[in-house]
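S.K.: Okay, sequence plus prediction incoming.
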Amino acid sequence: MKVHFKGWLPALAGTVTGILSLLVLSGGDAAGPAGAVRARSAPHAYIVQARSAAEAGRAVAQAGGEVRRELSVIRAVSALLDERQLAALRRAAVPLLEVYDDAPVQASSSGLPETYYPSEIGARQLQLGGTVGAGVTVAVVDSGLWSQHGPDQSAPGQVASRIVAQYDALAAGTTGGLLSGATSLVSSNSTNVNDGFGHGTHVSSIIASSGVATTGNFQGVAPGVNLVEVRVLDANGVGSYSSVIAGIQWVVSQKTRYNIRVMNLSLSAPPHSFYWQDPLNQAVMTAWNAGIVVVVAAGNFGPKPMTIGVPGNVPYVITVGAVTDSYHPLQPSRYVLTSFSSAGPTFEGFVKPDVVSMGGHILAYAPNNGTLAQEFPQWVTLPYDDFTMSGTSMAAAVTSGVVALMLNVSPSLKPDDVKCRLMTGATPAVNANGNLAYTVFQQGAGLVNAYASTYSTATGCANQGLNVAADLLGWQHFGGRANYNRSTGEYYIMATSGSSGGSSGGSSGGLLGGVFGLVGGLGTTVSGVPLVGPVLGSLLWDVAELGDGLLWNGSYSSASGYTWSSGYPWSSGYTWSSGYPWSSGYTWSSGYPWSSGYTWSSAYTGASPTSQQQ
C-alpha cells in the first residue's frame, strides 16, 4: 500500500513520542527467543514510527503487514501485524523505528460532558464552598439503580460506597425484597437491585453524581449525599400503587437506620379522589409526618390547569414543575416553562406546583442497556453512559439535590421549614412591567435557587393552617385558597380576611372576609367555607382576589421577554401555600372545576391505579 508523505511537526515529535513510549514493545517480548518456530498469530494493531510516515509505511509493507492509516503528525502509521511480520519489521534496518501497541482508550471522569443544571440553580456556588450534601441520605423511589454504579458509587474523595441500602418492592412479595444492607447496619452492596428501565439511575445521578465534567464541575447537584435505592417501577417504567406504597413504607421504616432525610418520587398518576382519600397520598403524607422531606414530580400532563398528578396533589409535599434553558445554558433570559409541565390548582384548591426547576433535556448517567437507551438511542451521549431526558421527573431530582444541600448546612430543619425556605429562595419569572410572566398555578414560587434557599432564614411560610397528623387520622381535611370565576374563566387566589393585597402571609385570618360571617365565623370547622356549593358558590365570585399575576385563564404562553427575579414582592406572602378546614358536604368531581354535580364513591372498587415515571 502506498503511503503519501505529508510532512511532520518536529516540535510535536518529542512530546508525542514521550507519551507513546509508555506503551513501547520490547523486541524480545514480541518476537520470542531467536530461532524459535512459532505458528502464525492473528494480526494485532500497532503504531509504527520512523523518520517519516512514508518510511514507516514502506517498512510495514516490506514486512508483509497492512498499513491502515497515516499518522504524519507523529511520523507514523497505524498498522496490522502478526508476530512474524512484527519480528521481520524489527530486524529491518529502519532508522528511528519505534513500534507501539495501539492501545484502547476510554473516557475518564475528568472528560465528562458538562450538565449545566447544578450551576443554573445555584448549586455550584455551594459546591465550591464544600457543601455537597454530606451526611444526608436521599431515598430514590423509582426503577432501581444500574449495577454499574459509576459516578453514583462514591462521594467525592471517598472510596467506600455511599449506596447504603437497596430494596426491591416488586420482588418483596415473593423473596422478601431485602437487599444490600437492608438487614444490616452497614451495607455490603453485595447484591444489586439493578435498573432495567434506566429512569431510576438517571434520577439518582441528577441528584448525586460525583462525575466531574471537563469544566471541573460536578455533574450532580449534591455529589456528597448517601443514596438509598428503592425499586417500585418495572423495566417499562410502570408500577402499581401497592408497589410504590410498599417502597415508601420501607423508606419510613428505615428512616432512622440510614438517616433518610429526603425522598424523591419522580412518578405520577391521575387523581381519582380527594387527596386524603388516595392510598398513595396517605403513604406520602405518612412519610412527611415522619420528618422526611418528600419531593414529587408535578406530572407531564400540562399545560392545561388542574393537571397535577398523584402524589403531587398532596398539599404538604414539595411539588416541582419543569423549566428548560432552551439549549442556551446559563442564559436565564432564555429559560422558559416547559409546555408539558403540569399546572394547578389541585381539585381541592391548592396552588401547585410549589416551585419549578430545570427539567428540559437533562443529561445524567444512565444504563446503556436499559429500556430507555434501547428505545431512544439518539439520546445516548456517546462514548459516555450518559442519557438525555426531559420531564418533571428530572426537575424533581434537581430539587431533591437542592434540599440535600440545604440539610447539609442546616440539618435541624423540619420538612415544613425546608419547603418554606425553598419557596422563599425561588426566583419567579417577571415581565418588564414587574408582573409575573407565569402565574403561581404554573410556576409556584418560581425557579429554585440552591444558594438563596440554603441561607434563607424564613420560617412559617409553608403549610400554614394545615395539620398532617389530623389529616392522616381523618379528623380534619383541608382546602386551598384557589378558586375559579365562571363568569371570566379565570382561576384566582382568595384573599384572607382583612387582606388588601399587601399582606405578608400567615394563616390567622379566615377566607372570604365578610362572607365568613354568613357561615359561622372565623375558624369554624363544622361549616368551613368550601370552594363550591349550590348556595355559597354564588357568593364566592365577589370575594377579594389577589392580583399581581395570580389570575389565570388557563392559556399557555411562552412568556418571552422576562427575567427570573430574586426581588419579586409577593403581595400576599405565601398565604396561597396555606389551607383551611374542608367542608365535608362537597363531593369529588374529575370534570368541571369544583362542580357539585358528581359524586365520588368511597366504595370504589375499580382496577388499582398505576404510577409511572414522569
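M.R.: Received, thanks. Numbering: from 1, shown residues only.
S.K.: And the closest residue to Ala53 other than its chain neighbours, how far from Ser41?
M.R.: Once flanking residues are discounted, Ala53 sits nearest to Ser72: 4.2 Å by Cβ to Cβ, 6 or more residues apart in numbering. Just so you know, the C-beta spots here come from the backbone N, C-alpha and C atoms, and that holds for glycine as well. Applying Cβ to Cβ, to the nearest Å, the value for Ser72 to Ser41 is 29 Å.
S.K.: How about Gly122?
M.R.: 58 Å.
S.K.: just Asn485 next, same as before
M.R.: Distance from Asn485 to Ser41, by Cβ to Cβ: 83 Å.
S.K.: which stretches of the stretch 101-250 of the chain form strands?
M.R.: Along the stretch 101-250 of the chain, the segments classed as strands by DSSP state E, counting those that start in this stretch run 137-142, 163-168, 178-179, 226-231, 238-240.
S.K.: TSV please, covering those strands and showing mean neighbour count and distance to Gly247.
M.R.: TSV is the format used below for the strands of the stretch 101-250 of the chain (neighbours: other Cβ atoms under 10 Å; distance: least, Cβ to Cβ, whole Å):
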stretch	mean neighbour count	distance to Gly247
strand 137-142	29	5
strand 163-168	26	7
strand 178-179	20	12
strand 226-231	29	4
strand 238-240	21	8
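S.K.: just so I know, which of these lies nearest Pro95?
M.R.: strand 163-168 (55.9 Å; Cβ to Cβ).
S.K.: what's the angle from that closest one to strand 137-142?
M.R.: Using axes from the mean of the first three to the mean of the last three Cα atoms, to 10 degrees, the direction of strand 163-168 lies 30 degrees away from that of strand 137-142.
S.K.: Which strands border strand 163-168, and is each parallel or antiparallel?
M.R.: strand 178-179 (antiparallel), strand 226-231 (parallel) (DSSP bridges).
S.K.: mind putting those in JSON lines, mean pLDDT and distance to Arg90 included?
M.R.: What follows is the strands paired with strand 163-168, written out as JSON lines (pLDDT from 0 to 100; distance: least, Cβ to Cβ, whole Å):
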{"stretch": "strand 178-179", "mean pLDDT": "43", "distance to Arg90": "54"}
{"stretch": "strand 226-231", "mean pLDDT": "96", "distance to Arg90": "52"}
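S.K.: now those strands as JSON lines including distance to Thr131?
M.R.: Compiled in JSON lines, those are given as follows (distance: least, Cβ to Cβ, whole Å):
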{"stretch": "strand 178-179", "distance to Thr131": "31"}
{"stretch": "strand 226-231", "distance to Thr131": "15"}
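S.K.: For Asn485 and Ser41, indicate the residue with more neighbours.
M.R.: Asn485 (17 against 12; other Cβ atoms under 10 Å).
S.K.: Glu55: how many residues sit nearby?
M.R.: Around Glu55 there are 21 residues (other Cβ under 10 Å).
S.K.: Assumed it was part of a helix.
M.R.: Yes. Remark: Glu55 belongs to a helix, assigned using DSSP: H, G, I helix; E, B strand; the rest coil.
S.K.: Pull the contacting residues for it.
M.R.: Listed by Cβ atoms under 8 Å, 6 or more residues apart in numbering, the contact set of Glu55 reads 94-95.
S.K.: again, only this time at 10 Å
M.R.: Taking Cβ atoms under 10 Å, 6 or more residues apart in numbering, we find Glu55 in contact with 3, 5, 48-49, 75-77, 94-97.
S.K.: End to end on stretch 460-480, go ahead and measure it.
M.R.: 17 Å (Cα to Cα, to the nearest Å).
S.K.: Quickly note the distance from Trp379 to Tyr117.
M.R.: Counting by Cβ to Cβ - Trp379 and Tyr117 are separated by 16 Å.
S.K.: With neighbour numbers in mind, choose between the two.
M.R.: Neighbours per residue (other Cβ under 10 Å) separate Trp379 from Tyr117, with Tyr117 holding more: 29 against 16.
S.K.: how about the helices in the stretch 251-400 of the chain?
M.R.: Taking DSSP state H, counting those that start in this stretch as the test, the helices found in the stretch 251-400 of the chain are 255-258, 279-289, 371-375, 392-409.
S.K.: got those helices as JSON lines, with mean pLDDT, mean neighbour count and distance to Tyr455 columns?
M.R.: JSON lines is the format used below for the helices of the stretch 251-400 of the chain (pLDDT from 0 to 100; neighbours: other Cβ atoms under 10 Å; distance: least, Cβ to Cβ, whole Å):
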{"stretch": "helix 255-258", "mean pLDDT": "96", "mean neighbour count": "16", "distance to Tyr455": "26"}
{"stretch": "helix 279-289", "mean pLDDT": "92", "mean neighbour count": "21", "distance to Tyr455": "24"}
{"stretch": "helix 371-375", "mean pLDDT": "89", "mean neighbour count": "17", "distance to Tyr455": "37"}
{"stretch": "helix 392-409", "mean pLDDT": "97", "mean neighbour count": "31", "distance to Tyr455": "7"}
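S.K.: can you tell which of those is closest to Thr575?
M.R.: helix 279-289 (20.4 Å).
S.K.: other SSEs contacting the closest one?
M.R.: strand 137-142, helix 241-253, strand 260-265, strand 293-297, helix 415-425, helix 468-473 (3 or more Cβ pairs under 10 Å, 6 or more residues apart in numbering; DSSP states H and E).
S.K.: do that again at 8 Å, thanks
M.R.: helix 241-253, strand 293-297, helix 468-473 (3 or more Cβ pairs under 8 Å, 6 or more residues apart in numbering; DSSP states H and E).
S.K.: Indicate which one of those is closest to Leu128.
M.R.: Judging the helices and strands packed on helix 279-289 by Cβ to Cβ, what sits closest to Leu128 is strand 293-297, at 23.8 Å.
S.K.: Need the residues that contact that closest one.
M.R.: Residues contacting strand 293-297 (Cβ under 8 Å, 6+ apart): 261-268, 284, 287-288, 309, 311-312, 314, 316-320, 391-393, 395-396, 399-400, 403, 407, 415, 418-419, 614.
S.K.: Next: stretch 401-416.
M.R.: Under Cβ under 8 Å, 6+ apart, the answer for stretch 401-416 is 118, 121, 123, 126, 131-136, 138, 206-208, 220-222, 224-225, 261-262, 288, 291-295, 316, 318, 357, 418, 421-422, 448, 450, 453-455, 462-463.
S.K.: Can you give me the end-to-end span of that stretch?
M.R.: First residue to last in stretch 401-416 (Cα to Cα) measures 17 Å.
S.K.: how far does it sit from the chain's center?
M.R.: 17 Å (Cα atoms, centre = their mean, to the nearest Å).
S.K.: and if you look at stretch 382-395?
M.R.: For stretch 382-395, the distance to the chain centre is 9 Å (Cα atoms, centre = their mean).
S.K.: CA-only coordinates of it in CSV, if you can.
M.R.: C-alpha atoms of stretch 382-395 as CSV (Å, rounded to 0.1, in the frame of the first residue of the first chain):
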residue,chain,number,x,y,z
LEU,A,382,-21.6,8.5,23.3
PRO,A,383,-19.0,7.5,24.3
TYR,A,384,-20.3,8.1,27.8
ASP,A,385,-23.0,6.2,29.6
ASP,A,386,-25.0,9.5,29.7
PHE,A,387,-28.6,9.9,28.6
THR,A,388,-30.7,13.0,28.0
MET,A,389,-34.3,13.1,29.3
SER,A,390,-36.9,15.8,29.8
GLY,A,391,-39.7,15.8,32.4
THR,A,392,-40.9,16.9,35.8
SER,A,393,-39.1,13.7,37.0
MET,A,394,-35.8,15.4,36.2
ALA,A,395,-37.0,18.7,37.8
